[in-house]
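Chemist: Structural data only, the sequence is not supplied:
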């Protein structure tokens, strides 16, 4: 049985820790900067916790790092004292390259879920896709670990992962922002946002089965300049949203004036 030390007690490590098969892995230590979060995860796993990065036990066979992208580089540097021929280091960031681990550790890899994971949400990690980036030396060990985490493991180059992360931002973060703007538009005009939920659901259901570009509807794709002009007039009071509407309209249909 391999011993795992968790660096970070947030959303990703919370779900990963509870998904790992106990017959294969023993999570024996949790590190977090805050006592409350470290103890909460450790208690749920029945293991020890620490708020000192220099107290990670050298008994660890695997060090699983799931912290914010801003903190990751510094955390990795602070963990350099654990470098050994046998210990495996993994981080779970979609935007940070494998190279930050390779600077310090011989055996390392990236294990990233292109998924919005929140501690309070019930999700099946086993059915969540994971992207693996690794070097030739660590490939077998990283894939073995990933295979115990998820049924859907995809090996990628660093370039592919970066582009998938960009695509995830477009698909998730930007879409959420546009829906937030739609919500605000309804609120400002005393309209029930619930009226849009059927079309939102229909859209998400349809795009899961086809190329989203083939399903585009609306005034931009039709070249309906009169409707577009009416919409722009409604947005005269909101210059930023008017600019965004124009940019997206032209992105959908470059022929629009």
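Modeler: Here it is on my side, so go on. Since the model is a prediction, treat every value here as computed from it, not as a measurement.
Chemist: I'd like the distance between residue 204 and residue 212.
Modeler: Counting by CB to CB, to the nearest Å, the gap from residue 204 to residue 212 is 10 Å. Backbone N, C-alpha and C define where each C-beta goes, glycine included.
Chemist: what's the answer for residue 135, then?
Modeler: Taken as CB to CB, the span from residue 135 to residue 212 is 34 Å.
Chemist: When these two are compared, which one has more neighbours?
Modeler: A direct count of neighbours by other CB atoms under 10 Å for residue 135 and residue 212 places residue 135 higher, at 15 against 11.
Chemist: what's near enough to touch the more buried one?
Modeler: 98, 102, 108, 109 (CB atoms under 8 Å, 6 or more residues apart in numbering).
Chemist: Relative to residue 101, how far out is it?
Modeler: 10 Å.
Chemist: what does residue 117 give?
Modeler: 21 Å.
Chemist: higher neighbour count, the two?
Modeler: residue 101 (27 against 18).
Chemist: about what we covered before: which one of the contacts of residue 135 is nearest to residue 151?
Modeler: residue 109 (18.3 Å; CB to CB).
Chemist: Quick one: mean pLDDT for the one helix or strand the closest one maps to?
Modeler: If you go by DSSP states H and E, residue 109 is part of strand 107-112. Strand 107-112 comes out with an average pLDDT of 97.
Chemist: what helices or strands is it leaning on?
Modeler: Under the contact definition 3 or more CB pairs under 8 Å, 6 or more residues apart in numbering; DSSP states H and E, strand 107-112 sits against strand 88-91, helix 99-102, strand 130-134, helix 139-149, helix 158-168.
Chemist: Of all those, which one comes closest to residue 79?
Modeler: Closest among the helices and strands packed on strand 107-112, using CB to CB: strand 88-91, at 7.3 Å.
Chemist: ok, the closest one: who's next to it in the sheet?
Modeler: Here strand 88-91 has these sheet partners by DSSP bridges: strand 62-65 (parallel), strand 107-112 (parallel).
Chemist: Relative to residue 186, which of those strands is closest?
Modeler: strand 107-112 (35.0 Å).
Chemist: Now do the strands in the protein.
Modeler: 2-7, 25-31, 48-50, 62-65, 88-91, 107-112, 130-134, 153-155 (DSSP state E).
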